[in-house]
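Student: Mind folding the following:
(one chain, ligands or ions: 1)
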Amino acid sequence: MGEGGLTIFACRHTIAAMIKATTPPPSSPIQPAPDERAVVMHTWSIQAEWNAPTIVGGKGALFWDEHDNAYIDMSSMAECANLGHQHPLVVEAIRKQAEAMCYASSAWGSRPRAELAARLLERSGFEGGRVFFTLGGADANENAIKLARWATNKPVGKVLTRYRSYHGATHAAMELSGDNRGWTYAPGTPNVVHALPPYCYRCPFGLQYDSCGIRCADHIAELIEWEGPNTVSAILMEPHAGSNGIVAPPEYWPRLREIAYRYNVLLIADEVMSGFGRVGHWFAWQQHGDVARPDMMTLAKGLTGAHIPLGAVVVSRKVTEHFEHQMLYTGLTYSGHPLACAAGVAALDAYRDEDLIARSHDLGARLHTVLRFLEETHPSIGDIRGQGLFAVVEMVKNRETKEPLSPWPQTAPALRRLVDEGRKMGVSFAVRGNLILLAPPLTIEQRHLIQALEALDKLLPMCDAEVTKKRDERAVGSEQ
Ligand SMILES: Cc1ncc(COP(=O)(O)O)c(C=O)c1O
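Tutor: Numbers count the residues shown, from 1 in each chain. Have a look, this model is predicted:
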C-alpha cells in the first residue's frame with residue numbers, strides 16, 4: 001500500500017503539535033498524575049498487566065497522551081465516540097447546561113430531557129411512544145426486560161437472547177449476554193434462554209448461507225415452542241454489530257420480527273453499539289424498513305457520542321400504553337440527567353447537520369473495499385463482515401480449515417502485538433478474541449482512515465507469520 005504507513009509514523013508528533021497549537025493552554029499548570037495502576041481497578045483487565053498511556057486531549061478521530069504521542073482512534077474508544085473526541089457542539093451544550101442547571105430529579109421536569117426524548121422518538125419513528133432514560137447500556141437492557149415482563153403480564157417471563165452476544169456487565173445484563181465474560185461467575189438471573197447465533201462463517205447448524213433458509217432465525221421460533229409461548233416475554237438481540245463480532249444475514253431481523261408477532265412476544269433491539277450511524281443507519285433495524293420495527297430499543301454509547309454517560313429505552317406506543325395508568329416500579333437517581341440529555345440533544349443535531357449517518361454508509365463502503373484488498377495479500381484474514389464504519393475482521397491460521405488464530409475467546413499473542421505495535425505507529429486498534437474490530441468515529445478524516453489502514457497493512461504480517469499450510473500440504477510435508 002505504498003509508503004503512507006511510514007508517513008504517519010513520522011507525523012504523529014506533528015499532528016499532536018498542530019492540534020495543540022489551536023487548543024488554548026490550561027489556566028493552571030497540570031499537576032503530575034498519581035500512578036493510575038496503583039489506585040484504579042480497570043475493567044476487563046488483569047490488574048497487574050494493565051499499563052496504558054494517559055490520555056490528556058483529543059480532537060476528531062485523534063487523541064493524544066501526556067507525552068504528546070497522537071493516535072488515530074480506529075475503535076472510537078469503546079465503539080462509542082461516534083462523533084469523535086471533544087465535538088465542539090456537544091462540549092458547548094454541556095457547558096451551557098452546567099451553567100444553567102446541572103441536575104433535576106425525575107420528580108421535576110427538565111427541558112433537555114424532554115427535548116432529547118422527543119427527538120429520539122422522531123428519529124426512530126416511535127410515534128406515541130416514550131423514552132425511559134438510564135445511565136448506560138446495561139441498565140437500559142435490564143430496564144427493558146422489566147418493562148417487557150410487566151407489559152406482557154408475565155412478571156417472570158422468559159427472555160430469549162443469543163450465545164456470542166453482549167448486553168452489558170451488570171448482574172442481569174451479564175446473564176442476558178451469551179458471552180464468555182459471564183462464565184466466570186453465575187449471575188443466576190432466572191428465565192434467560194440462549195439461542196445459537198447467526199454466525200454464517202461458522203454456522204452452528206453446519207449450513208451454508210443462503211441455501212440454509214435462515215435456519216438460525218427459525219431456531220428462535222422452535223425455542224419459543226419448546227419453552228412454551230405463554231412463558232416467554234421477550235426476544236432481546238443486537239440487530240447488527242456487537243463486540244462478539246457476529247453479524248446476522250439480512251433476512252434474520254425481519255424474520256425475528258415476524259416470529260415475535262406470531263408468538264405475541266416483545267422484540268427488543270439492543271442498539272447500544274449499532275445505533276447512531278455505526279452501520280450507516282440511525283438505527284440498524286431501520287435498514288429493513290418499518291415492518292422490522294422492534295417493540296423497544298435500547299441505546300447508549302453514540303447517544304451522547306460518549307461525551308457523558310447516558311442510556312435509554314425507547315418504548316413503542318403499545319408498551320407505553322400499558323404503563324399509562326399503572327405505577328412504573330423502576331427508577332434511577334440520574335434518569336434523564338440534564339447534563340447528559342443536553343449532550344444528547346447536541347449529539348443528535350451533530351449527526352443530522354453533518355450528515356454523519358450517510359457519511360458512515362459511504363466511507364464505510366470504502367473501508368470495506370480496502371479490507372477486501374488487504375484480504376488478497378494477508379492469508380491470516382479469514383472473514384470480513386459488517387457495514388458502514390463498522391468492520392469485523394476474523395483472523396485465522398488457515399483459511400481452508402478456518403482454524404482460528406487462537407481458540408475463542410483467547411486473543412492470540414500476534415494480535416496483542418499488533419495492538420502494541422499499532423500504538424507505536426500512532427494508531428489505536430481494538431481486538432477481541434480473534435477479531436479486529438474497526439469502528440472509527442464517523443467524523444474521521446479520509447486521510448487518517450487511509451493512514452490507519454496503511455498501518456494495518458504493515459502490521460498484519462505479524463499474524464500472517466502464524467498461518468499454517470493447507471492441511472494436505474502439512475500431511476505430505478510430515479511424511480517427507
Ligand atoms: C450491544 C451492547 N449492549 C450493551 C452494552 C453495555 O453497555 P454499557 O457498557 O454502557 O453498560 C454494550 C457495551 O459494549 C454493547 O455493545
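Student: Contact partners for Met462?
Tutor: By C-beta atoms under 8 Å, 6 or more residues apart in numbering, the contact set of Met462 is 414, 417-418, 421. The way it works is simple: take the backbone N, C-alpha and C, and place the C-beta from them, glycine included.
Student: what helix or strand does it sit in?
Tutor: helix 461-464 (DSSP states H and E).
Student: Need the mean per-residue confidence for that helix.
Tutor: For helix 461-464, the mean pLDDT works out to 98.
Student: From start to finish, how long is stretch 172-188 in a straight line?
Tutor: End-to-end distance of stretch 172-188 (C-alpha to C-alpha, to the nearest Å): 8 Å.
Student: who touches that stretch?
Tutor: Counting by C-beta under 8 Å, 6+ apart, 44, 137-139, 141-142, 145, 159, 161-169, 171, 189, 192, 194-195, 197, 236, 244, 408-409 sit against stretch 172-188.
Student: Also near the ligand: which of the residues you listed, exactly?
Tutor: 137-138, 141, 166-168 (C-beta under 6 Å from any ligand atom).
Student: For these, please prepare TSV with the additional fields pLDDT, secondary structure and distance to His288.
Tutor: Below are these laid out as TSV (pLDDT from 0 to 100; DSSP: H, G, I helix; E, B strand; the rest coil; distance: C-beta to C-beta, whole Å):
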residue	pLDDT	secondary structure	distance to His288
Gly137	98	helix	22
Ala138	98	helix	26
Asn141	98	helix	21
Tyr166	96	coil	22
His167	96	coil	21
Gly168	96	coil	24
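Student: out of those residues, who's nearest the ligand?
Tutor: Nearest to the ligand among those, counting by C-beta to the nearest ligand atom, is Gly137 at 2.2 Å.
Student: and Glu403, bridged to which residues?
Tutor: For Glu403, the beta-bridge partners under DSSP bridges are Asn398.
Student: Am I right that it is in contact with Thr468?
Tutor: Yes. Using C-beta atoms under 8 Å, Glu403 is in contact with Thr468, at 7.3 Å.
Student: Look up the residues that both of the two are in contact with.
Tutor: By C-beta under 8 Å, 6+ apart, the residues touching both Glu403 and Thr468 are Lys397.
Student: Pull out the buried members of the contacts of Met462.
Tutor: 414, 418 (16 or more other C-beta atoms under 10 Å).
Student: What is the nearest of the contacts of Met462 to Asp355?
Tutor: Leu418 (32.7 Å; C-beta to C-beta).
Student: Tell me which helix or strand the closest one sits in.
Tutor: Assigned by DSSP H and E, Leu418 belongs to helix 413-424.
Student: Adjacent strands (with direction) for the following helix or strand past that helix?
Tutor: Going down the chain from helix 413-424, the next helix or strand is strand 427-428, by DSSP H and E. Paired neighbours of strand 427-428 in the sheet (DSSP bridges): strand 70-73 (parallel).
Student: interface residues of the stretch 201-350 of the chain facing the ligand?
Tutor: So the stretch 201-350 of the chain meets the ligand at 238, 242-243, 270, 272-273, 300 (C-beta under 6 Å from any ligand atom).
Student: Give the PyMOL command for selecting the buried subset of those.
Tutor: Restricted to buried positions by 16+ other C-beta under 10 Å, the PyMOL selection for those reads:
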select buried, resi 238+242+243+270+272+273+300
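Student: which of the residues of the stretch 201-350 of the chain next to the ligand has the weakest pLDDT?
Tutor: Gly242 (85).
Student: my guess is that one contacts Ser165, does it?
Tutor: Yes. Applying C-beta under 8 Å as the test, Gly242 and Ser165 come out as touching, 6.1 Å apart.
Student: for the helix ranked longest in the chain, which positions count as buried?
Tutor: Selection of the longest helix in the chain by residue count, based on DSSP state H, yields helix 356-377. Residues of helix 356-377 classed as buried: 356-357, 359-361, 363-364, 367-368, 370-371, 374-375 (neighbour count, 16+ other C-beta under 10 Å).
Student: what's the closest of those to the ligand?
Tutor: Nearest member of the buried residues of helix 356-377 to the ligand, counting by C-beta to the nearest ligand atom, is Ser360, at 16.7 Å.
Student: pLDDT wise, what is the closest one at?
Tutor: So, for Ser360, pLDDT stands at 98.
Student: hey, where'd the strands end up in the stretch 201-350 of the chain?
Tutor: According to DSSP state E, counting those that start in this stretch, the stretch 201-350 of the chain carries its strands in the segments 232-237, 266-270, 296-299, 311-315.
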